[in-house]
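Chemist: Below are the sequence and a predicted model for it; my questions follow.
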Amino acid sequence: MITLLHVFPLESEHCRAKGADHPIHSVVRKNNDICVVQCQNYSVTRSLLFQCAVSYATKESTVIYICRQQVPSLPLGVHGMPSSDSRVLNYISFLYLDTVEDVMDFCASVHNREDKVGHPNLIIVDDIGSYIEQLQGPCQDHKVAKLCALLCDAVHYLNSKQGGSCSLLMSCLRPSQRFTSVYWKTGMQVMDIQENPPGEFALSTVQDDSTLEVEFNLRRGVLFLKRFRVHVTVKGKKGV
C-alpha cells in the first residue's frame, strides 16, 4: 500500500487524527511494490499515476513512465500532495512504447542498462490494457500472464540489484474479471476505482485480512481526498 501514500495525503495531520497505532496506519504502510489501478476514467487514472510519479521524483527518486503516446498536458494534481516543477520532472523519464513487443524489450533491457533508465525506483505503465489488446490469438490469458510476469521479473531483478527499491504501478482502463485474476496470480495488488455519480470516486483494495477504501472527488480541476477507512477482519468479524 506504500503506493497510495504517494498518491493521496494519507499521512497528513488531518488523517493522523486517529492515532499512529490505528489499523489504518499499519495497513497503508505495508509495502506492496507491484500494483495495478483499474478505472474507466482515463483522465483521473492518469492523474493518479502521474501524482505517484511526482511524489517519488520530489524525493529525488528516478521514475520511468511508459505510455504509447506523448502526454499532451500535465495531468490533474491531488490536493495536499507535491506538485511538479522543472526540477522534479528531471527525475521522470517518459518512454513512448507503442507495441507490446516494445514493452517486452524494455523488460529485457533492464538487465544490461547502466543509465538512469536501468536504475529506476518506480516503473509506471500507463494503460496496460492497450498493450494487452495487441495479444491476439489463442491462449490470451497465458500471454497476459507472460507479459505481467516479465514486468514483475524486471522489478524483482532491479530490487535484487538495488536492494529492494523499485516498485511497479500500472493502470487498466477496461477492467475485466478474467484479467484481474491474472493480476492476482502474478502477485499484483489490484485497486478498483468506481465513479458514481460523475466526479465522485471510490477506490477499494484488499490486502491480507484488510480492505482499504478511499473516497475522493474532482473539483475545480483538482482531486480532493474525502475520507479513507480500513475494514479489518479478525476471527470472522470486521472492524475499522
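Modeler: Right, received. Where do you want to start?
Chemist: can you give me the helices for this structure?
Modeler: Here the chain has its helices, by DSSP state H, at 2-5, 23-28, 42-58, 86-89, 100-109, 128-132, 140-162, 177-185.
Chemist: mind listing what's buried in the fourth one?
Modeler: Which is helix 86-89. Of all the residues in helix 86-89, those buried under the rule 16 or more other C-beta atoms under 10 Å are Val88. For every residue, glycine as well, the C-beta is placed using N, CA and C.
Chemist: Mean confidence (pLDDT) on it, please.
Modeler: When pLDDT is averaged over helix 86-89, the result is 94.
Chemist: ok now it, how far from the chain's centre?
Modeler: Offset of helix 86-89 from its chain centre (C-alpha atoms, centre = their mean, to the nearest Å): 20 Å.
Chemist: go on, the third one?
Modeler: With C-alpha atoms, centre = their mean as the basis, helix 42-58 stands 9 Å off its chain's centre.
Chemist: which residues touch the residue positioned nearest the centre of the chain?
Modeler: Nearest residue to the geometric centre of the chain (C-alpha atoms, centre = their mean): Leu169, 3.2 Å. By C-beta atoms under 8 Å, 6 or more residues apart in numbering, Leu169 lies in contact with 3, 35-37, 49, 52, 122-125.
Chemist: again, 6 Å this time
Modeler: Contacts for Leu169 (C-beta atoms under 6 Å, 6 or more residues apart in numbering) come out as 3, 35, 52, 124.
Chemist: Kindly report the same for Ser204.
Modeler: 192, 213.
Chemist: can we see that at 8 Å?
Modeler: Contact analysis of Ser204 by C-beta under 8 Å, 6+ apart lists 191-192, 194, 211-214.
Chemist: do the same with Leu147
Modeler: Taking C-beta under 8 Å, 6+ apart, we find Leu147 in contact with 100, 103-104, 128, 131-132, 135.
Chemist: Tell me how far it lies from Gln134.
Modeler: Leu147 sits 10 Å away from Gln134, going by C-beta to C-beta, to the nearest Å.
Chemist: Likewise for Arg113?
Modeler: In terms of C-beta to C-beta, Arg113 sits 24 Å off from Gln134.
Chemist: again with Arg87
Modeler: Remark: distance between Arg87 and Gln134 (C-beta to C-beta) = 36 Å.
Chemist: re the thing from before, I'd like the helices of the chain as JSON lines, with distance to Val232 appended.
Modeler: Converted to JSON lines, the helices of the chain look like this (distance: least, C-beta to C-beta, whole Å):
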{"stretch": "helix 2-5", "distance to Val232": "16"}
{"stretch": "helix 23-28", "distance to Val232": "5"}
{"stretch": "helix 42-58", "distance to Val232": "24"}
{"stretch": "helix 86-89", "distance to Val232": "35"}
{"stretch": "helix 100-109", "distance to Val232": "36"}
{"stretch": "helix 128-132", "distance to Val232": "30"}
{"stretch": "helix 140-162", "distance to Val232": "27"}
{"stretch": "helix 177-185", "distance to Val232": "20"}
